[in-house]
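1. Below is the sequence, then the predicted model.
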Amino acid sequence: MSSSSMTSEKTTKKITLTKDTTWRLSFVLSPNSKVSKTAQLKEKMFISTKVLFLEDEGYEPPQGLVVSATVEEESNDEENIDEGDNTQSSSAPTSQIVKVNNQTSRWKLSEDPDEEQKWGLWIWGLLEEPQYPFLLLNLDIESLQLPGMEQPIGPLKLYAKIPHKREKETGNVLLSAAPLNFRESLQIKADPLGAATVNINEDLEIGQINLQPIVN
């Protein structure tokens, strides 16, 4: 195989919501947000990590788990630290460590969840394939270790409704920037006597999230 054909294969690799595509997930924590106040941040902090979207087979709309793509890298880093000469007296890290809960973090393609549920046009055969304009992301972070902080932040439940579309010619997935919310589960009384309770989600916007495919 010639070098030119190998280059062509690399540049035409399809961008998907499967294990074949690694995504760079990034967001900013602001000192004004509820999460940041808990962490006592004095300035904006840029957070970045790598994730994979794993699709559950046989489900419509498409959905599945969001898992960390850096677990192996972080494990190797820890081994290198243990083998080396540890001369740092402080336990505060010099780089950020984002630990995603790989069992509970999930994604799901959807029509607009804030509007009344409607039959999609694709059901009536008016579109060639299902067209879901949003990816609903529920990201559970076990802990977030920031540079200079001895104690990690977390756990955090984050939620985003991310604009989603596919390029018509290539089929590549495109995800746009979207507001990022801190999701807090509240328990309220379902009757005046308080005999029954119900859990509701309260979302507080804390910044913006961005997902970009990592193309080798």
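-> Received, thanks.

2. The host helix or strand of S185 pairs with which strands?
-> Using DSSP states H and E, S185 sits in strand 178-189. Counting by DSSP bridges, the strands paired with strand 178-189 are strand 156-166 (antiparallel), strand 197-213 (antiparallel).

3. Let me know the average pLDDT across that strand.
-> When pLDDT is averaged over strand 178-189, the result is 81.

4. Okay, buried residues for it please.
-> A178, L180, N181, F182, R183 (16 or more other C-beta atoms under 10 Å). Just so you know, the C-beta spots here come from the backbone N, C-alpha and C atoms, and that holds for glycine as well.

5. Keeping just the C-alphas, turn that strand into PDB.
-> In PDB, the C-alpha atoms belonging to strand 178-189 read as follows (Å, rounded to 0.1, in the frame of the first residue of the first chain):
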ATOM      1  CA  ALA A 178     -23.600  24.000  24.900                       C
ATOM      2  CA  PRO A 179     -24.400  25.300  28.400                       C
ATOM      3  CA  LEU A 180     -23.200  23.000  31.200                       C
ATOM      4  CA  ASN A 181     -25.300  22.500  34.200                       C
ATOM      5  CA  PHE A 182     -24.600  21.300  37.700                       C
ATOM      6  CA  ARG A 183     -27.400  18.800  38.500                       C
ATOM      7  CA  GLU A 184     -28.600  18.500  42.100                       C
ATOM      8  CA  SER A 185     -31.200  15.900  43.100                       C
ATOM      9  CA  LEU A 186     -33.800  17.300  45.600                       C
ATOM     10  CA  GLN A 187     -36.300  15.400  47.600                       C
ATOM     11  CA  ILE A 188     -39.700  17.100  48.100                       C
ATOM     12  CA  LYS A 189     -42.900  16.100  49.700                       C
END
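
6. how about the helices in this structure?
-> 3-11, 34-39, 71-83 (DSSP state H).

7. Could you tell me which ranges of this structure sit under the pLDDT cut-off?
-> Under the criterion pLDDT under 70, the flagged ranges of the chain are 1-12, 32-41, 70-95, 114-130, 190-195, 216.

8. The same query, at a cut-off of 50, please.
-> 1-10, 72-93, 116, 119, 121-122, 124-125 (pLDDT under 50).

9. and the residue nearest to K108 when sequence neighbours are not counted, how many residues sit next to it?
-> Leaving aside its sequence neighbours, K108 sits nearest to Q63 (C-beta to C-beta, 6 or more residues apart in numbering; 3.9 Å). Neighbour count of Q63, defined by other C-beta atoms under 10 Å: 18.
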